[in-house]
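Q: sequence below, structure please.
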Amino acid sequence: MIYKVSKTKSDVIRFLNFVENSLEIDAIKKGNLKLVLEELLTNSINHTSNNLKPLEIGIDVHNDSINIEYHEYSDFFNIYDYYNGSDIMEDKINRMEEGGLGIYLIFNLIKNYQFFYDQKHLKNIMKFNI
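A: Numbering: from 1, shown residues only. Sure thing, here's the model as predicted:
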């Protein structure tokens, strides 16, 4: 199922409440999914507000796995490169510096991640499993 979420706090809260109350999945996986989505949605609101197209979030539940496809209309940004590209993350973690730690959290909760930029539609696409 694909969900469209506008870049407003109220729509994000509504969507996260839907995830919490309507998806019938393991409680731990649901908690991890909600945390990852909360971080991604918050980053989208804070960093891509110049584009008003809604976010598109596909959620597919298969037995033990939750497959997510997250589409964000914005300039190119590869979250993996940001996370993995330098010692910045390790330095932030060691100093408990604000900013970017949500990305660290995301990468500790997801598996089998892929990132690419759709040049035709000008959107970042992130696929992962929980």
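Q: nearest residue to residue 67 in space, please, no chain neighbours.
A: residue 60 (4.2 Å; C-beta to C-beta, 6 or more residues apart in numbering). For the C-beta atoms, the positions are set from N, CA and C on the backbone; glycine is no exception.
Q: pull the number of nearby residues for the one you found.
A: A total of 12 residues lie near residue 60 under the criterion other C-beta atoms under 10 Å.
Q: which stretch of helix or strand covers it?
A: Taking DSSP states H and E as the criterion, residue 60 maps to strand 55-62.
Q: just the residues contacting that strand, thanks.
A: For strand 55-62, the external contacting residues (C-beta atoms under 8 Å, 6 or more residues apart in numbering) are 1-7, 15, 19, 23-25, 33, 37, 41, 44, 66-73.
Q: 7 Å instead?
A: Contacts to strand 55-62, defined as C-beta atoms under 7 Å, 6 or more residues apart in numbering, come from residues 1-5, 7, 25, 41, 44, 66-72.
Q: may I ask which of the residues you listed has the most neighbours?
A: residue 72 (24 neighbours).
Q: next one: the helix or strand just after the strand holding residue 60 to chain centre, how far?
A: Sequence-wise, the next helix or strand downstream of strand 55-62 (DSSP H and E) is strand 65-73. Distance, stretch centre to chain centre, for strand 65-73: 7 Å (C-alpha atoms, centre = their mean, to the nearest Å).
Q: again with stretch 51-66
A: Using C-alpha atoms, centre = their mean, the mean C-alpha position of stretch 51-66 is found 9 Å from that of the whole chain.
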